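J.: Take this sequence and fold it.
(one chain, ligands or ions: 1)
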Amino acid sequence: MRGVFISLEGAEGCGKSTQSDLLASYLRGKGLEVVTTREPGGTPTGEMIRDILQHHASGEDIAPGAEVLLFAASRAQHVANVIRPALERGAWVVCDRFVDSSLAYQGGARGLGIDTVLAANEIALAGVWPEVTFWLDLPLEAALARVVARGAHPDRFESEETAFHQRVHDAYADLAARFPERIVRLDARKSPDGVFADLLEALEPCCEPGLEEGL
Ligand code: TYD
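T.: Numbers count the residues shown, from 1 in each chain. Sure thing, here's the model as predicted:
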């Protein structure tokens, strides 16, 4: 595969979508083809699964095992229909959340364990991993304050107790230690431009050949 796959991770309110927009414009400015996408979702089937997961429409509690497999099903569709074809034609893919969200939320915060969730995602990933994953690390209080400031009705995940969000944060920290060659921690307390400067500084050494191709 010739393209470059980048994922953005972190708590709700950490600024992933702003960084995704900034990065996509930067790469497009270099003449590169960029596909921006997100999880859960990213395909019509994935968006339907996203709805099930976020809005609790059945009125029934979703079992942790079902939750992890629904996210994995959405991811399988996303990898097969969007991410892999884009990478094969040489595009850059910038994805707002990917498998590390399952590892942090289902593996860490829901307590299923990182290895179990990794195993559950093997079919979905089919060997497709991001070259680099940016973890936008925002302290819990700041992340919760940003979600409140947005004022939107909280979804099923945003309504979780503080301890859940702390476990998500701790799991991201564990993942960054476990995959140091792939996961780059960024200090998300900085301004959007400050975070983006750090992101570019980290991106250039790991994706230099692809960036040069676009010049
Ligand atoms: P979303 O509205 O995309 O949140 P955000 O704007 O913070 O990205 O909601 C996605 C929610 O789903 C978010 O709370 C994280 C959660 N999630 C998981 O629990 N596991 C996963 O694998 C993914 C992709 C998301």
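J.: Could you list the contact residues of this structure toward the ligand?
T.: By the rule C-beta under 6 Å from any ligand atom, the part of the chain lying against the ligand is 12, 16, 39-40, 71, 96-97, 101-102, 105-106, 155, 157. Glycine gets a C-beta too; all of them are placed from N, C-alpha and C.
J.: try it again with 8 Å
T.: Proximity of the chain to the ligand, by C-beta under 8 Å from any ligand atom, involves residues 10-14, 16-17, 38-41, 50, 53-54, 67-68, 71-72, 74-75, 96-99, 101-102, 104-106, 109-110, 155-158.
J.: Buried ones among the residues you listed?
T.: With burial judged by 16 or more other C-beta atoms under 10 Å, the buried subset of the residues of the chain next to the ligand is 10-14, 16, 38-41, 50, 53, 67-68, 71-72, 74-75, 96-99, 101-102, 104-106, 109-110, 157-158.
J.: Count the residues that sit near residue 65.
T.: 13 (other C-beta atoms under 10 Å).
J.: And what about residue 40, helix, strand or coil?
T.: Three-state call for residue 40 (DSSP: H, G, I helix; E, B strand; the rest coil): coil.
J.: Wait, residue 124 touches residue 76, no?
T.: Yes: Residue 124 is in contact with residue 76 according to C-beta atoms under 8 Å; the separation is 3.9 Å.
J.: Next up, phi/psi of residue 27, please.
T.: Backbone torsions for residue 27, taken as degrees, to the nearest 10, come to phi -70, psi -40.
J.: following the lowest-mean-pLDDT helix or strand in the chain, which helix or strand comes up?
T.: Least confident helix or strand, the chain: helix 140-150 with a mean of 83, by mean pLDDT, DSSP states H and E. Reading on from helix 140-150 to the C-terminus, the next helix or strand found by DSSP states H and E is helix 162-178.
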